[in-house]
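A.B. asks: Pasting the sequence and the predicted coordinates here, then a few questions.
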Amino acid sequence: MHKLSLTAVTFCLAAQLATAQIKLPSPSPGATVMQTIGTTDLTVMYSRPSLKGRQPFTDAFVPRGKVWRTGANSPTMLTTSTDLMVNGKTLPAGTYAVLSIPQEGSSTLIFNKNKTTTEATYKQEEDALRVNLTPSETSEKVETFTIDFSDVTDSTAKMNFVWANVKASANLSVDVNKNAAANVDKAVAEKPEDAAVLQAAASYNVSKGRNLEQSLTWIDKSITMKENFRNLFVKSQILAKMGKFAEAVPLAQKALSLGQSSNDPVFPFFKDGIEKSLTEYTAKLPAMPAMKGSKKTKKA
């Protein structure tokens, strides 16, 4: 009877372990890699298998010429917050399963719209994008499969897949100016009565020379709400971009005066820029016509 009781307890414990959500060590632990390119946020979630004495891209382990989930366990996922160019081809903003087909000289990188797809359920017609990668040999052997980003600028980066002595990279790029402009317009649409947002939006636009008339409306509204040296300086910059230097000069002078009397700890960082702009605006003012009779005629 005692033996039967122990058996029942064992079955109960086994059942609890099977149904409970218990975090246990995984032979291919999960990882999340995040990277921002300009204003675009990229997130990769994947599981990282290790070699453990095996050689990948062989018939026995991650075979060549067959679809691979580019990791282990759950499908590898990529999320991009904006449209992304991969090797010159557009991948729309969204979340995708990342699969690949390893080959000797040219592998295929796949972004699939079915977020639950695996090797067994993969359908090519669900692909959002396919690009070719050229694998190369690395000098150092990498034990654990790695996805990372390198060579990051404000509009480009490389997405790297590294394992054993093999590395393959995809060239990524984003339209940072288009994305930033969209963010500016969205911010104003969401907070049209926020003086700081209007000032920041107008400042960005003038730095890019875009939508100057709209920006002038925004900065006028910001000044009406709360006049300060920042929004006065932005308005002077907009007017100067429009060639209205006679209007820009007094605004820059007022911005300088307000800043000097504001005790704002940030003003010293603006002071040189305002003074330089004021000098440039003044130099571009049209010359004043000479007054008639201002010169005396010499008698013979």
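C.D. replies: Perfect, thanks for sending it.

A.B. asks: Which residue ranges make up the domains of the protein?
C.D. replies: Per automatic domain parsing, the domain ranges recorded for the chain read 25-174, 177-283.

A.B. asks: May I see those arranged in CSV, with mean pLDDT and mean neighbour count as well?
C.D. replies: (C-beta placed from N, C-alpha, C; glycine too.) As requested, the domains of the chain are exported to CSV (pLDDT from 0 to 100; neighbours: other Cβ atoms under 10 Å):
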stretch, mean pLDDT, mean neighbour count
domain 25-174, 96, 16
domain 177-283, 95, 17
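
A.B. asks: what's the first-to-last distance across stretch 114-127?
C.D. replies: 8 Å (Cα to Cα, to the nearest Å).

A.B. asks: Run the chain-centre distance for it.
C.D. replies: Here stretch 114-127 shows a centroid-to-chain-centroid distance of 27 Å under the convention Cα atoms, centre = their mean, to the nearest Å.

A.B. asks: Please name the bridge partners of Ala157.
C.D. replies: Leu172 (DSSP bridges).

A.B. asks: Provide a list of residues in contact with it.
C.D. replies: Ala157 makes contacts with Gln35, Ile37, Phe149, Ser150, Asp151, Leu172, Ser173, as judged by Cβ atoms under 8 Å, 6 or more residues apart in numbering.

A.B. asks: can you tell me how far the closest residue to Glu227 other than its chain neighbours sits from Gln55?
C.D. replies: Computed as Cβ to Cβ, 6 or more residues apart in numbering, the closest residue to Glu227 that is not its neighbour in sequence is Leu258, at 7.6 Å. Here the criterion is Cβ to Cβ, to the nearest Å. By it, Leu258 lies 70 Å from Gln55.

A.B. asks: so the residue most central in space within the chain bridges to which residues?
C.D. replies: The centre of the chain sits closest to Thr40, judged by Cα atoms, centre = their mean, with a distance of 2.2 Å. Beta-bridge pairing for Thr40 (DSSP bridges): Ile37.

A.B. asks: correct me, but it touches Met85?
C.D. replies: No. Thr40 is beyond contact range of Met85, at 10.3 Å (criterion: Cβ atoms under 8 Å).

A.B. asks: Which residues are in contact with each of these two?
C.D. replies: Val174.

A.B. asks: Do a quick rundown of the helices in the stretch 1-150 of the chain.
C.D. replies: Assigned helices in the stretch 1-150 of the chain, in chain order: 2-19 (criterion: DSSP state H, counting those that start in this stretch).

A.B. asks: actually the stretch 201-300 of the chain, not the one I wrote
C.D. replies: Going by DSSP H, counting those that start in this stretch, the stretch 201-300 of the chain shows helices at 212-225, 229-241, 245-262, 267-283.

A.B. asks: Remind me what the longest one packs against, helices and strands.
C.D. replies: Judged by 3 or more Cβ pairs under 8 Å, 6 or more residues apart in numbering; DSSP states H and E, helix 245-262 is in contact with helix 229-241, helix 267-283.

A.B. asks: and the direction of the last one versus that of helix 245-262, what angle?
C.D. replies: Angle of helix 267-283 versus helix 245-262, following axes from the mean of the first three to the mean of the last three Cα atoms, to 10 degrees, is 160 degrees.

A.B. asks: I'd like to check what contacts helix 267-283. Which residues are they?
C.D. replies: Outside helix 267-283, the residues that touch it by Cβ under 8 Å, 6+ apart are 229-230, 233, 236-237, 240, 245, 248-249, 252-253, 255-256, 259-260.

A.B. asks: Does Asp264 touch Phe229 like I think?
C.D. replies: Yes. Using Cβ under 8 Å, Asp264 is in contact with Phe229, at 7.3 Å.
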